[in-house]
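Asker: Here's my sequence, what's the structure:
(chains A and B)
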Amino acid sequence: MEQKAIYDLLAGKLGEGAVAFHEDGIEPWAEIAVGAVAEACGFLRGEPSLDFDQLMCLSGIDWDGFDEAGKGKSVGILGYTDEGSPETSDRQAEGDLGVAYHLYSHALDHKFTLRIRLPRDRAEAPTVSGVWATASWHEREAWDLLGIRFTGHPDLRRMLLDDKWVGHPLRKDYVMPDRWEGVPMDGKPYSANPFPATEEPPAGGPKPDGDTPPAEA
Amino acid sequence: MSSDSKTPPSGYDVQREHMLDFKVDQQLAEVVESDAKNFILTTVDEVFNWAKLSSIWPVTFGLACCAIEMMATSATRYDMDRFGAGAFRATPRQADLMIVSGTVTGKMAQRLKLIYDQMPEPKWVIAMGSCAIGGGPYFKYGYHVVKGVDLLVPVDVYVPGCPPRPEVLIDGLMRLQDKIRGRKGRFITPKWVTDYAKKIPYRK
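Answerer: Now for the predicted structure:
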């Protein structure tokens, strides 16, 4: 079934919950309201003419630096300096967070993409792990790395990082840690040359192997 | 016994005495010249070092894609067992060498330190690949990567590459054997390497 037809079916079911349908870009996608996620996913899974039996991927998104349509330039992300210490900045992150649901039907061989937008200060979305069991780990990962809280999730713990980790690293205003549980996470100066230029091979001794420069190509 | 009271026995070589790094006294010279020629004077360190460097058993410990190259090094084509380092032990208590083959994350760092502490002395560490040397591609934005395993444990030999080929790992192992042997190996960087390193724009 064409994606536009799928969206029309979905919009007829949701009413005001269906916000927009975007056909530009690589893959069409539908934006729906946060409150309509559970109903929409239950409908897409249960409707026999749609029969989306697989959630291919559930991704968390940080739209910091992007405009309302989801287009724009990326912002500078904080990392480590050449001296190995964490970078800091006064910039406040703006823009929404979001979740994308990529669906697929094995029987009918068609795809569909849903997106929701979440305000940054209250990033909460209803879980869909009751509809697709595979969403459980994907939502745990989105919580771990982007701090999107999925209400009603049976076991919302961190997926990849340690339980004691502070912060959500894939948010674009995340400041890198310099130390974690006694483990140094900042590095030594990357620009320091470990070999002083004054160090010369001993004269008269046997030359070490490979002491000839490679031939110019 | 005074050395002036007796002349040295016949056959006692004065020059040989000066070649030794300790003073051979008269009594020892008598024993050497006597019929009881049943002992050898030598340094046992060379024998011990030879035994150590001929059986460097690594601990079975792979972290990332470098571990694939480490497995290839120990497999038939490259056969690290030719150098006595092919017996990967499944417990750190039987191992001499830890090849840190891959990215060291913050979570893994505590386990790595534990494994290193469990290994008996003498023990050596090879940092294999860019990640284990200095964080590699994760230096800038790796919030979870330790920027070099030498921040955690002392490293004997660094093997650069991403990942290093098996020949390079074997070369690193042989440099470690040189280090154990007490001989100065190829630790002096050739001048063209330092000159070339200055041209890399990331370096200051």
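Asker: my read: B:Ile68 touches B:Pro163, true?
Answerer: Yes: counting by C-beta atoms under 8 Å, B:Pro163 is a contact partner of B:Ile68 at 7.2 Å. Just so you know, the C-beta spots here come from the backbone N, C-alpha and C atoms, and that holds for glycine as well.
Asker: of these two, who's got more company?
Answerer: It is B:Pro163, of B:Ile68 and B:Pro163, that has more neighbours when counted by other C-beta atoms under 10 Å in any protein chain shown, with 23 against 13.
Asker: what helix or strand is the more buried one on?
Answerer: For B:Pro163, there is no host helix or strand (DSSP states H and E).
Asker: The one 4 residues further on now?
Answerer: Assigned by DSSP H and E, B:Glu167 belongs to helix B:166-181.
Asker: Show me what that helix is packed against.
Answerer: In terms of contacts (3 or more C-beta pairs under 8 Å, 6 or more residues apart in numbering or on different chains; DSSP states H and E), helix B:166-181 is packed against helix B:45-53, helix B:66-74, strand B:124-128, strand B:157-159.
Asker: again, only using 6 Å
Answerer: helix B:45-53, helix B:66-74, strand B:157-159 (3 or more C-beta pairs under 6 Å, 6 or more residues apart in numbering or on different chains; DSSP states H and E).
Asker: Helix, strand or coil: sort out the residue of chain B found nearest chain A for me.
Answerer: Nearest residue of chain B to chain A, counting by C-beta to the nearest C-beta: B:Lys147, 2.7 Å away. For B:Lys147, the secondary-structure state derived from DSSP: H, G, I helix; E, B strand; the rest coil is coil.
Asker: Which residues are in contact with it?
Answerer: Counting by C-beta atoms under 6 Å, 6 or more residues apart in numbering or on different chains, B:Lys147 makes contact with A:Gly187, B:Gly134, B:Gly135, B:Phe139.
Asker: now, which of those sits nearest A:Glu16?
Answerer: Checking the contacts of B:Lys147 against A:Glu16 with C-beta to C-beta, the nearest one is B:Phe139 at 48.7 Å.
Asker: Let me know the pLDDT of whatever residue of chain A ends up closest to chain B.
Answerer: Of all residues in chain A, the one sitting closest to chain B is A:Gly187 (2.7 Å; C-beta to the nearest C-beta). pLDDT for A:Gly187: 82.
Asker: Skipping its backbone neighbours, what lies nearest it in space?
Answerer: The spatially closest residue to A:Gly187, leaving aside those adjacent along the chain, is B:Lys147, at 2.7 Å (C-beta to C-beta, 6 or more residues apart in numbering or on different chains).
Asker: Repeat that for A:Trp63.
Answerer: Nearest residue to A:Trp63 in three dimensions, chain neighbours excluded: A:Gly95, at 4.2 Å (C-beta to C-beta, 6+ apart).
Asker: The one you found belongs to a strand?
Answerer: No: the assignment for A:Gly95 (three-state DSSP) gives coil, which keeps it out of a strand.
Asker: Just to check, it is in contact with A:Asp62?
Answerer: No: here A:Gly95 does not reach A:Asp62: they are 7.5 Å apart, not a contact under C-beta atoms under 6 Å.
Asker: So these two - more neighbours on which side?
Answerer: Each of A:Gly95 and A:Asp62 has its neighbours counted (other C-beta under 10 Å); A:Asp62 has more, 26 against 20.
Asker: who are the neighbours in contact with B:Trp57?
Answerer: Taking C-beta under 6 Å, 6+ apart as the contact definition, B:Trp57 lies against B:Ala87, B:Arg89, B:Ala95, B:Asp96.
Asker: Distance of the closest residue to it other than its chain neighbours relative to A:Leu78?
Answerer: By the measure of C-beta to C-beta, 6+ apart, the closest residue to B:Trp57 outside its immediate chain neighbours is B:Ala87, 4.7 Å from it. Counting by C-beta to C-beta, to the nearest Å, the gap from B:Ala87 to A:Leu78 is 46 Å.
Asker: same deal with B:Gln118?
Answerer: Distance, B:Gln118 to A:Leu78, by C-beta to C-beta: 37 Å.
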